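Engineer: Build me a model from this:
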Amino acid sequence: MRLRFQERPWDLILTLVYAIAASAVILSFGQGVLWAILLVLFVPGYVVVAALFPGRGLSSRLRDLAERGERLLEAARSVGMEPKSYRSDLAFARNAAKSGLLSEAIAILEEGNERVRARLEDLGERESAEWKDILQPRNREGMVGRTIDWTERIALGFGLSIAIVSLVALLLNLTPGGIRLESIVVLLLLFTVLVGIVAIARRIQLPLEDRLEATIHVTWPEGPQATGLDKALTVVLAASIVVAGAVFAYVALTPRPTERFTQFYILDSTGGIDPDLYPTELNVSELGRVIIGIVNNESVRVRYTVRVDLVGFEVVRNLTTGVNETIERNRTTMPCVRCEVTLEDRRVWRQPFNFTIGAPGLWKVEFLLFRDGDFSKPYQNTLFLFVRVIPP
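Structural biologist: Model (predicted):
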């Protein structure tokens with residue numbers, strides 16, 4: 001069975017479609033998937049190899065044979081030999097090459113060159129280096145030109161892909177944005193599409209017969225009838241392949257469990273965590289300022305609501321245990337402007353919060369986070385800040 005790509009470069013077209021589809025999935029969901037690993041390990045290198053080696057090398061081989069034929073023809077004329085049959089071979093070869101039948105043209109030139117070379121040897125081999133080079137038989141494999149087989153293409157595809165991805169990552173690391181999933185996927189996609197278009201253009205310019213093809217030989221076993229053991233082993237092997245395929249499909253299609261959480265924090269007025277800059281001691285009605293921060297790591301879009309409560313409490317001594325206890329006396333909700341936000345996954349939200357306390361004493365400012373409108377209980381642990389208000 002032979003897979004032909006002569007009329008259309010289907011291998012490159014499918015490679016580009018795969019690269020675009022895999023990149024779109026990664027950019028849409030913000031994370032890689034198992035089946036998209038070829039986008040990094042194989043696809044960029046494969047299009048580079050296809051651009052460098054667009055065909056099977058028949059054109060290069062035909063040119064080498066034609067150049068050697070001209071040299072043989074000059075050598076024949078120098079000894080007074082006029083190979084008329086060889087001129088007919090050249091004419092047939094030219095016509096075959098113009099018709100796109102490169103294999104036929106190569107066969108005609110090989111046969112004609114060999115016949116002229118043999119006649120020149122019969123006339124007596126010259127001792128000069130030039131004659132030795134002309135009369136020396138050429139290895140057919142050495143005249144193929146710039147071409148590689150499928151094994152080399154695949155191996156070079158993997159090797160070049162690793163080198164290309166490493167280079168892309170190095171270049172991104174030098175940019176202000178750094179290495180991010182979106183940037184590296186977009187850059188690899190642009191590289192693959194541009195080089196793939198060049199590879200398609202180069203292959204289309206080749207004669208039809210010289211374009212790439214793949215051959216798969218399928219033969220049926222001949223010989224005595226299979227034994228019961230052979231049949232059993234065949235069934236076991238087939239079942240193993242089916243099970244392995246099912247496991248691979250399950251792993252590829254089932255999303256991997258990831259830890260989901262939300263970061264909820266308060267910073268000082270400068271955006272740091274310096275204890276001396278938090279408003280822990282204020283005068284009556286003096287402005288206190290902190291920054292509220294949220295980071296969404298839930299892998300989905302989440303709607304958050306922040307509520308700030310001012311809690312007044314009193315420290316009393318328990319006569320039974322002899323231990324000081326804190327008793328909440330009152331609780332009021334402080335106004336918080338723009339404290340409701342919807343965040344996409346991996347997004348960060350920060351909002352300054354200003355407050356004042358109009359009575360002296362020890363107060364507790366509590367920051368409560370709720371998710372998706374559920375106010376029955378806080379979604380995260382409550383953050384708090386003790387503030388001592390000094391009387392005038």
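Engineer: How about the secondary structure of the nearest residue to Arg338 once chain neighbours are set aside?
Structural biologist: The spatially closest residue to Arg338, leaving aside those adjacent along the chain, is Gln351, at 6.1 Å (Cβ to Cβ, 6 or more residues apart in numbering). C-betas here are computed from N, CA, C, even on glycine. Under DSSP: H, G, I helix; E, B strand; the rest coil, Gln351 falls in the strand class.
Engineer: Gln351 and Leu167, how far apart?
Structural biologist: Counting by Cβ to Cβ, to the nearest Å, the separation of Gln351 from Leu167 is 41 Å.
Engineer: between those two, which one's more packed in?
Structural biologist: A count of neighbours by other Cβ atoms under 10 Å puts Gln351 above the other of Gln351 and Leu167, at 15 against 12.
Engineer: and the more buried one, what is it in contact with?
Structural biologist: Ile291, Ile292, Gly293, Val306, Arg338, Cys339, Val341 (Cβ atoms under 8 Å, 6 or more residues apart in numbering).
Engineer: Touching, the fourth one and Cys339? I think so.
Structural biologist: Yes - here Val306 lies in contact with Cys339, judged by Cβ atoms under 8 Å, at a distance of 4.1 Å.
Engineer: So Gly159 belongs to a helix, correct?
Structural biologist: Yes - according to three-state DSSP, the state of Gly159 is that of a helix.
Engineer: Contacts only, for it.
Structural biologist: With contact taken as Cβ under 8 Å, 6+ apart, Gly159 is in contact with Gly45.
Engineer: Okay, it and Leu14: tell me how far apart.
Structural biologist: According to Cβ to Cβ, Gly159 stands 21 Å off from Leu14.
Engineer: Excluding covalently adjacent residues, which one is nearest to Ala169?
Structural biologist: For Ala169, the nearest residue in space outside its immediate sequence neighbours is Ile179; the separation is 5.6 Å by Cβ to Cβ, 6+ apart.
Engineer: so that neighbour, which of the three states?
Structural biologist: Strictly by three-state DSSP, Ile179 counts as coil.
Engineer: for this protein, which strand is longest?
Structural biologist: Among the segments of the chain that qualify as a strand by DSSP state E, the longest is strand 302-317.
Engineer: Give me the sheet partners of that strand and which way each runs.
Structural biologist: Each strand that pairs with strand 302-317, with its direction, by DSSP bridges: strand 324-334 (antiparallel), strand 340-343 (antiparallel), strand 361-371 (antiparallel).
Engineer: Out of these, which gets the lowest mean score?
Structural biologist: Of all the strands paired with strand 302-317, the segment with the smallest mean pLDDT is strand 324-334, scoring a mean of 84.
Engineer: Please enumerate residues in contact with that one?
Structural biologist: Strand 324-334 is contacted from outside by 307-318, 355, 365, using Cβ under 8 Å, 6+ apart.
Engineer: mind running it again at 10 Å?
Structural biologist: 307-318, 353-357, 361-362, 364-368 (Cβ atoms under 10 Å, 6 or more residues apart in numbering).
Engineer: Just the buried ones among those residues, please.
Structural biologist: 307-308, 310-311, 313, 353, 355, 357, 364-368 (16 or more other Cβ atoms under 10 Å).
Engineer: And the residues you listed, which two are furthest apart?
Structural biologist: With distances taken as Cβ to Cβ, the most widely separated pair in the buried ones among the contacts of strand 324-334 is Phe313 and Phe353, at 20.8 Å.
Engineer: Glu203: which element?
Structural biologist: Quick fix: residue 203 reads Arg, not Glu. For Arg203, the element it lies in under DSSP states H and E is helix 181-205.
Engineer: which helices and strands does that helix pack with?
Structural biologist: Counting contacts by 3 or more Cβ pairs under 10 Å, 6 or more residues apart in numbering; DSSP states H and E, helix 181-205 packs against helix 10-29, helix 38-41, helix 43-52, helix 150-173.
Engineer: pLDDT of that helix, averaged?
Structural biologist: The predicted confidence, averaged over helix 181-205, sits at 86.
Engineer: Repeat that for stretch 42-53.
Structural biologist: On average, stretch 42-53 scores 86.
Engineer: So Asn283 versus Thr175, what's the distance?
Structural biologist: In this structure, Asn283 and Thr175 are 48 Å apart, going by Cβ to Cβ.
Engineer: The two: which is more packed in?
Structural biologist: Asn283 (13 against 10).
Engineer: excluding its backbone neighbours, what's nearest the more buried one?
Structural biologist: Take Asn283 and drop its neighbours on the chain: the residue closest to it by Cβ to Cβ, 6+ apart is Ile390, 5.4 Å away.
Engineer: okay, now that neighbour: neighbour count?
Structural biologist: Burial measure for Ile390: 11 neighbouring residues, criterion other Cβ under 10 Å.
Engineer: List the residues that contact it.
Structural biologist: Residues counted as contacts of Ile390 (Cβ under 10 Å, 6+ apart) are Glu281, Leu282, Asn283, Val284, Glu286, Pro360, Gly361.
Engineer: now that we have those, which one has the most neighbours?
Structural biologist: Leu282 (18 neighbours).
Engineer: wait, isn't that one in contact with Arg388?
Structural biologist: Yes - assessed by Cβ atoms under 10 Å, Leu282 is found in contact with Arg388 at 7.6 Å.
Engineer: who touches both of those two?
Structural biologist: Jointly contacting Leu282 and Arg388 under the rule Cβ under 10 Å, 6+ apart are Ile357, Pro360, Trp363.
Engineer: Return the member of those nearest to Glu298.
Structural biologist: Distances from Glu298 to the shared contacts of Leu282 and Arg388, taken as Cβ to Cβ, are shortest for Trp363 (32.4 Å).
Engineer: Do a quick rundown of the strands in the stretch 201-350 of the chain.
Structural biologist: With DSSP state E, counting those that start in this stretch as the criterion, the stretch 201-350 of the chain has strands at 213-215, 261-267, 281-283, 288-297, 302-317, 324-334, 340-343, 348-355.
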